[in-house]
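Visitor: Dropping the sequence and predicted coords here.
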Amino acid sequence: MTRPIIIAVPKGRILAEALPLLAAAGIHPEAAFADEDSRALRFATDDPGIELIRVRAFDVATFVAHGAAQLGIVGSDVLAEFAYSELYAPVDLDIGHCRLSVAEPADMAETDDPRGWSHVRVATKYPHVTAAHFAARGVQAECVKLNGAMELAPTLGLAPRIVDLVSSGRTLKENGLVEVEVITQVTSRLAVNRAAMKTRAEVVPLVEAFRRATSAPSSRLPPAGGVGGGPIPDRYRHDMRTPPPLTPPASGTVM
């Protein structure tokens, strides 16, 4: 009996944007999939050959890279952080728009100029991307690895700056932080396991279905929360449209 194709989808805010995209690609999950209160993790669709799993955003890439899922919806930030060679990302799904940015306390930002940095201590969920970004600028980065509540780091003295995703900027503002440098723009991509692409005949048609769905205007939703947070002064703007090349984290990385 042929095993079903498994598509990994992230929990949280991307889920609402992913649902119409899945429908446009001809994939219609059972009702419980859209219920964020459901404790189920694996869901059937109207196609017995396709099932969905709902996992944490950072775990989607791992499930697909190791072949537990054949496809997944994953942010370009996650792809850049893990850089799995087993993944192929052929389609930009044009959802999950946000940016990966450096932020610091508002009072510090009044006199700070990122162009003069030579060493930074940063709290982040993205130590590899962060270290690579600063290394490309000739700045030594000491990264403190956190999985959440990044905005607490400056106020509690863990690190004066953070690197995190920014969408509306509301969370930064409510915690007294301002965005001072954009590392990269982020969107969700369709990730495919390279081995499955070659060995499972069902995968390529699914990739093409997502490609068609992405190009259909009716499948798109506005970015969740917009891209707010106020204008960024020119001296703070280092806006790279693709994720930076990855290098091993600096020796100062604190895991």
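Guide: The structure has been received and is ready for your questions.
Visitor: State the mean pLDDT of the lengthiest strand in the chain.
Guide: Determined from DSSP state E, the single longest strand within the chain is strand 177-186. Strand 177-186 carries an average pLDDT of 95.
Visitor: Sheet-wise, list the partners of the helix or strand residue 8 falls within with their directions.
Guide: Using DSSP states H and E, residue 8 sits within strand 5-10. Strand 5-10 has the following sheet partners, assigned by DSSP bridges: strand 50-55 (parallel), strand 71-75 (parallel).
Visitor: Format those as a markdown table; extra columns: mean neighbour count.
Guide: (C-beta placed from N, C-alpha, C; glycine too.) Converted to a markdown table, those look like this (neighbours: other CB atoms under 10 Å):
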| stretch | mean neighbour count |
| --- | --- |
| strand 50-55 | 21 |
| strand 71-75 | 29 |
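Visitor: now for the ones you listed, which one comes closest to residue 177?
Guide: strand 71-75 (21.2 Å; CB to CB).
Visitor: Show me what the residue positioned nearest the centre of the chain is bridged to.
Guide: With distances taken as CA atoms, centre = their mean, the chain has residue 75 as the residue nearest its mean C-alpha position (3.1 Å). Beta bridges link residue 75 to residue 188, judged by DSSP bridges.
Visitor: Identify the residues contacting the strand holding residue 8?
Guide: Strand 5-10 has contacts (CB atoms under 8 Å, 6 or more residues apart in numbering) with 15, 18, 22, 27, 49-57, 59-60, 63-64, 68-75, 188, 200, 202-203, 206.
Visitor: Kindly report the same for stretch 51-61.
Guide: Residues contacting stretch 51-61 (CB under 8 Å, 6+ apart): 4-12, 14-15, 22, 27, 29, 33, 40-45, 63, 69, 72-75, 78-79, 82, 84, 87, 125, 191.
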